[in-house]
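Novice: requesting a structural model of the entry that follows:
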Amino acid sequence: MSSTSNAVIIVPTYNEIENIDRLVRNVFSLQREFHILVVDDNSPDGTANKIEELIKIYPDRLHLLQRKKKLGLGTAYISGFRWALARTYGYVFEMDADFSHNPNDLIRLYNACYRDGNDLAIGSRYVTGVNVVNWPMSRVLLSWGASKYVRFITRMNIHDTTAGFICYRRAVLEKIDLDQIQFMGYAFQIEMKFKAHLSKFKIIEVPVIFTDRTKGESKMSSGIISEAIFGVLKMKIKSLFNQYDI
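Specialist: The predicted model follows:
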């Protein structure tokens, strides 16, 4: 099979040894050809070693960016974006390693940009109600409420503002100044969407079913939530006074 692809999926990992092998094989079994870049934060469980084994099987399609320590979700994606922009990919994806994002939905997100002409396609849990499986009700309400809050404050026409399953057209990442990204937790996801919104890019939500991880441990914390709540207010206020760098 040819290793030429115009789309790369960035998958940040920290202790995902139980999921990464199956995820890679699932993505590479899809009818459309994608490449994968795993950004691993020196996982003690040997995630990077597993990727190196898989690279021998998929030498032109699977790539590894190793970092020396756990540096956060936002910096992992920014490192991945820079890596992708240094190459010829036209479409760059964000995706979790834990199967909360269904690999089969990758083609739908890709088509929403490539075929339908959108600049940003969001795999959305909330655009057609609440499509979340295996979460306790308290967490569903927290996540859904956070997205409603962000939508209200920012005035973005996006139902799932904290979503992390995304396809970017290359032009979006070229336009956004990655050096100016302020948030590194889940607020990173909101900030990227807000900057795309302010830049007048065409954004669409594609309904997906989000299934909570069955293997490995969640990285969610109260600090992540508070960063999102207060960070959004700060972003919006700065944008009103034209002090917000895109």
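
Novice: what's the residue lying closest to G46 once chain neighbours are set aside sitting at in phi/psi?
Specialist: Spatial nearest neighbour of G46, excluding adjacent residues (Cβ to Cβ, 6 or more residues apart in numbering): I17 at 5.6 Å. In short, each C-beta sits where N, CA and C put it, glycine included. Backbone torsions of I17, given as degrees, to the nearest 10, read phi -60, psi -30.

Novice: how far away is I17 from L65?
Specialist: According to Cβ to Cβ, to the nearest Å, I17 stands 17 Å off from L65.

Novice: again with S138
Specialist: The gap separating S138 from L65 is 35 Å, by Cβ to Cβ.

Novice: comparing these two, which residue is more hemmed in?
Specialist: Counting neighbours by other Cβ atoms under 10 Å for S138 and for L65 shows that L65 has the greater number, 18 against 8.

Novice: what about this structure, any weak spots by pLDDT?
Specialist: 1-3, 213-225 (pLDDT under 70).

Novice: can you name the residues bridging to the residue sitting nearest the centre point of it?
Specialist: In the chain, the residue lying closest to the centroid (Cα atoms, centre = their mean) is E94, at 2.9 Å. Beta-bridge partners for E94, by DSSP bridges, are I10, I166.

Novice: now do the contacts for it.
Specialist: Listed by Cβ atoms under 8 Å, 6 or more residues apart in numbering, the contact set of E94 reads I9, I10, Y77, G164, F165, I166, Y168, Q189.

Novice: which secondary structure elements does the strand or helix carrying I204 sit against?
Specialist: Using DSSP states H and E, I204 maps to strand 203-207. Judged by 3 or more Cβ pairs under 8 Å, 6 or more residues apart in numbering; DSSP states H and E, the packing partners of strand 203-207 are helix 106-114, strand 120-124, helix 187-198.

Novice: so which bits of the longest one are buried?
Specialist: Along helix 187-198, the positions that meet the burial threshold by neighbour count (16 or more other Cβ atoms under 10 Å) are A187, F188, Q189, I190, E191, M192, K193, F194, K195, A196, H197.

Novice: show residues contacting that helix.
Specialist: Residues outside helix 187-198 that contact it (Cβ under 8 Å, 6+ apart) are 73-74, 77, 94, 119-120, 122, 150, 154, 156, 158, 161-164, 166, 172, 176, 181-183, 203, 224, 227-228, 231-232, 235, 239, 244, 246.

Novice: and if you look at the first one?
Specialist: When contacts are defined by Cβ under 8 Å, 6+ apart, helix 106-114 is touched by residues 7, 9, 27, 30-32, 34, 90-91, 93, 95, 118-121, 123, 165-169, 204, 206, 208.

Novice: so what's the spatially closest residue to E33 that is not a sequence neighbour up against?
Specialist: Of all residues not flanking E33 in the chain, S5 sits nearest, at 4.7 Å (Cβ to Cβ, 6+ apart). Residues in contact with S5 (Cβ under 8 Å, 6+ apart) are E33, F34, H35, R61, Y89.

Novice: list the residues that contact the third one.
Specialist: What that stands for is H35. By Cβ under 8 Å, 6+ apart, the residues touching H35 are S3, S5, A7, V8, I9, D60, R61, L62, H63, Y89.
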